[in-house]
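A.B. asks: any chance you could fold what I've pasted below:
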Amino acid sequence: MMTTQQGSLATAGVDAATRTARVTPSAAQRLLSLQRRFPLVQILLTVAVFGWGAASMPGFLEPTSIRSILVLCALTGLASIGQTLVVLIRGIDLSLAGFIVVGAVAVTRFSDVPGVPVLVTLTIAVACGATMGGLVGYACHRFGIHPIIVTLAAGSIAVGASAVLSGGGYGGGAPGWVTRLSSPMSSTLGIPVPPVVIVWAVAIAVVSVLLHRTLPGRRLLATGASPVAADLAHISTRKVWITVYAISAALAVLAGVVLAGFAGNVDSRLGNPYLFQSIAAVVLGGTAFGGPGSYTRTTAGVLLLTVVSTVLVGLGFGEADQQILNGVVIVAAMAVYGRERRLRDQV
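C.D. replies: Okay, the predicted model is just below:
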């Protein structure tokens, strides 16, 4: 017969086991925690879709095909840097497509002006883009105008100004060095990897360090997480908005330079696909408006989106189908991460 002391010990043991079960996270909880810190699902989906393409499409694993995929990833990834920064401060940048056209026109129409080095031309283009981007950030923060309205107007102005300055035409070929920069057949220091891919890899490392390991990066993240708390911490959120939008515009101009070499010809619609791809890559990677998020997550979104698009093209799907995919991805990802953000804010 169990004594009173034995009964107490048994009860205590059951209580301890219950508390341990409650404290010890389940496998699903551990996976969810890992997903919040690292884009595991996106990487697994990328591997799965890549395997599907390799199994269903002849020549998918050829070196030329792999290099082409990497170049496409790099182009979208470079165009998505500014978008990531803007989304992290609870904004959005629809002017990206217009500033891409500015960079493309600068390198194709004005790179051979007598007596003006191409570096000077590109510096002027980047400076103009950064100035207009800074004005966009100021207008959004100072007057409380939604970024969609201001950036859409800025993008239209950028495209129109490019047309006026180029005499109404977008023709003209990119210099040879720009073409080699983004050609899938180019190599870097004897390594069979296109230079633009190396540039993107360096950009991933630099942006990640600046965003999470420096004071300006922490101020940016704090501004997105809670503008009120950032103001109380004596962070000038207006300066953050001005700086972020200036950087986004400048990077879009540089992305346009690279895209001009890849596309071969330039028109007013050159940047349109990359506008929606950049937004889709950011939200697909798991970066929410105002954070949390990172450019590493955007990189995972870029890889997944590009591999899926490549497989769809190989299977006979057209550009319209890819646009539908981008729209579905944006809505679905925002539904998932937007709900998670609301729940976290309530807690």
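A.B. asks: pLDDT below threshold where in the stretch 201-347 of the chain?
C.D. replies: Flagging of the stretch 201-347 of the chain using pLDDT under 70 yields the residue ranges 326, 333-347.
A.B. asks: ranges for the helices of it?
C.D. replies: Using DSSP state H, counting those that start in this stretch, the helices of the stretch 201-347 of the chain run over 215-225, 227-232, 237-263, 272-285, 295-314, 319-346.
A.B. asks: for residue 143, find the nearest of these.
C.D. replies: Relative to residue 143, the nearest member of these by CB to CB is helix 237-263, separated by 11.2 Å. (Glycine included, C-beta is placed from N, CA and C.)
A.B. asks: before we move on, the earlier item: quick one: the helices of the stretch 201-347 of the chain as JSON lines, columns for distance to residue 126 and mean neighbour count too.
C.D. replies: As requested, those are arranged in JSON lines below (distance: least, CB to CB, whole Å; neighbours: other CB atoms under 10 Å):
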{"stretch": "helix 215-225", "distance to residue 126": "19", "mean neighbour count": "18"}
{"stretch": "helix 227-232", "distance to residue 126": "28", "mean neighbour count": "13"}
{"stretch": "helix 237-263", "distance to residue 126": "5", "mean neighbour count": "25"}
{"stretch": "helix 272-285", "distance to residue 126": "17", "mean neighbour count": "25"}
{"stretch": "helix 295-314", "distance to residue 126": "20", "mean neighbour count": "23"}
{"stretch": "helix 319-346", "distance to residue 126": "28", "mean neighbour count": "13"}
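A.B. asks: can you lay out the ones you listed as TSV showing distance to residue 71?
C.D. replies: Shown next, in TSV, are the helices of the stretch 201-347 of the chain (distance: least, CB to CB, whole Å):
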stretch	distance to residue 71
helix 215-225	28
helix 227-232	38
helix 237-263	7
helix 272-285	13
helix 295-314	10
helix 319-346	17
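A.B. asks: so which of these comes closest to residue 120?
C.D. replies: helix 237-263 (13.7 Å).
A.B. asks: now for the closest one, which elements pack on it?
C.D. replies: helix 63-88, helix 96-109, helix 118-143, helix 176-182, helix 195-213, helix 215-225, helix 227-232 (3 or more CB pairs under 8 Å, 6 or more residues apart in numbering; DSSP states H and E).
A.B. asks: those helices: lowest mean pLDDT?
C.D. replies: Among these, helix 176-182 carries the lowest mean pLDDT, a mean of 90.
A.B. asks: so which bits of that helix are buried?
C.D. replies: 178, 180, 181, 182 (16 or more other CB atoms under 10 Å).
A.B. asks: now do it: which elements does it pack against?
C.D. replies: On a contact count with 3+ CB pairs under 8 Å, 6+ apart, helix 176-182 meets helix 63-88, helix 195-213, helix 237-263.
A.B. asks: need those helices in JSON lines with distance to residue 115, can you?
C.D. replies: As requested, the helices and strands packed on helix 176-182 are arranged in JSON lines below (distance: least, CB to CB, whole Å):
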{"stretch": "helix 63-88", "distance to residue 115": "30"}
{"stretch": "helix 195-213", "distance to residue 115": "28"}
{"stretch": "helix 237-263", "distance to residue 115": "21"}
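A.B. asks: so which of these is nearest residue 325?
C.D. replies: The nearest among the helices and strands packed on helix 176-182, by CB to CB, is helix 63-88 at 13.7 Å.
A.B. asks: that closest one: how far from the chain's middle?
C.D. replies: Its chain's C-alpha centre lies 8 Å from the corresponding centre of helix 63-88 when counted by CA atoms, centre = their mean, to the nearest Å.
A.B. asks: over to stretch 162-177?
C.D. replies: Distance, centroid of stretch 162-177 to centroid of chain: 27 Å (CA atoms, centre = their mean).
A.B. asks: name the nearest residue to residue 42, sequence neighbours excluded.
C.D. replies: residue 300 (4.0 Å; CB to CB, 6 or more residues apart in numbering).
A.B. asks: ok, the one you found touching residue 283?
C.D. replies: No: applying CB atoms under 8 Å as the test, residue 300 and residue 283 come out as separate, 11.8 Å apart.
A.B. asks: what about residue 150, helix or strand, and which?
C.D. replies: helix 147-165 (DSSP states H and E).
A.B. asks: measure how that helix sits relative to helix 118-143, angle-wise.
C.D. replies: Orientation check (axes from the mean of the first three to the mean of the last three CA atoms, to 10 degrees): helix 147-165 against helix 118-143 gives 150 degrees.
A.B. asks: what is helix 147-165 packed up against?
C.D. replies: helix 96-109, helix 118-143.
A.B. asks: dump those helices to a markdown table, plus mean neighbour count and distance to residue 151.
C.D. replies: Listed next are the helices and strands packed on helix 147-165 as a markdown table, based on neighbours: other CB atoms under 10 Å; distance: least, CB to CB, whole Å:
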| stretch | mean neighbour count | distance to residue 151 |
| --- | --- | --- |
| helix 96-109 | 29 | 8 |
| helix 118-143 | 19 | 6 |
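A.B. asks: out of those, which comes closest to residue 78?
C.D. replies: helix 96-109 (10.1 Å).
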